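Asker: have a look at this prediction, sequence included:
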Amino acid sequence: MSEDPKRGQGPDDRLEACFAAARAARPAPGAALTAAILRDAAAAQHDRAAAAAAAGQSRGAAWRGLWRALGGWPAAAALAGALVLGVILGVAVPDPVDRLAAVWPGAAVDAIETGGAFPGYADLMTEG
């Protein structure tokens, strides 16, 4: 940069000299400061470990509580069966549902055109 006539050095050169002096003199932290930092770090690790353990236990307890509320394996099997029946009825609407919609006022069953991508009710109920 430009030269300073008073010093014989530019402002960047003086700043670089200050940085070089700061890099050369690396003061070590005191023993009390190091001990305080390590003590705080140990306390923070302990707090995080306790919080993680509590979160893991509460998450597992919540799933176990939900499982018990549903009724265990028999209820899960019934829910899976209801899911399969719902998918079948949703994909292939049988004729009795269409007839029920015609009799029941306000009920409408709209068939979605799938272009033959899904089998119909008759296709699912044929033997062979």
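Answerer: Nice, thanks for sending it over. Numbering: from 1, shown residues only.

Asker: mean confidence score for the longest helix seen in the chain?
Answerer: Using DSSP state H to define each element, the chain has its longest helix at helix 31-70. This predicted structure assigns helix 31-70 an average pLDDT of 83.

Asker: what's the first helix or strand after it?
Answerer: helix 73-91 (DSSP states H and E).

Asker: only alpha carbons, please: show that following helix as CSV.
Answerer: Extracted in CSV, the C-alpha atoms of helix 73-91 (Å, rounded to 0.1, in the frame of the first residue of the first chain):
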residue,chain,number,x,y,z
TRP,A,73,-51.0,-59.1,19.1
PRO,A,74,-54.7,-60.1,18.7
ALA,A,75,-55.8,-56.5,18.2
ALA,A,76,-52.9,-55.8,15.8
ALA,A,77,-54.0,-58.8,13.7
ALA,A,78,-57.6,-57.5,13.6
LEU,A,79,-56.3,-54.0,12.6
ALA,A,80,-54.2,-55.6,9.8
GLY,A,81,-57.2,-57.5,8.6
ALA,A,82,-59.4,-54.4,8.6
LEU,A,83,-56.6,-52.6,6.6
VAL,A,84,-56.6,-55.3,4.0
LEU,A,85,-60.4,-55.4,3.7
GLY,A,86,-60.4,-51.6,3.4
VAL,A,87,-57.9,-51.7,0.6
ILE,A,88,-59.8,-54.4,-1.3
LEU,A,89,-63.1,-52.5,-0.9
GLY,A,90,-61.4,-49.3,-1.9
VAL,A,91,-59.9,-50.7,-5.1
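
Asker: quick check: angle from that helix to helix 31-70?
Answerer: With axes from the mean of the first three to the mean of the last three CA atoms, to 10 degrees as the basis, helix 73-91 and helix 31-70 are set at 70 degrees to each other.

Asker: give me the domain ranges for the chain.
Answerer: Structurally, the chain divides into domains by automatic domain parsing as follows: 9-70, 72-128.
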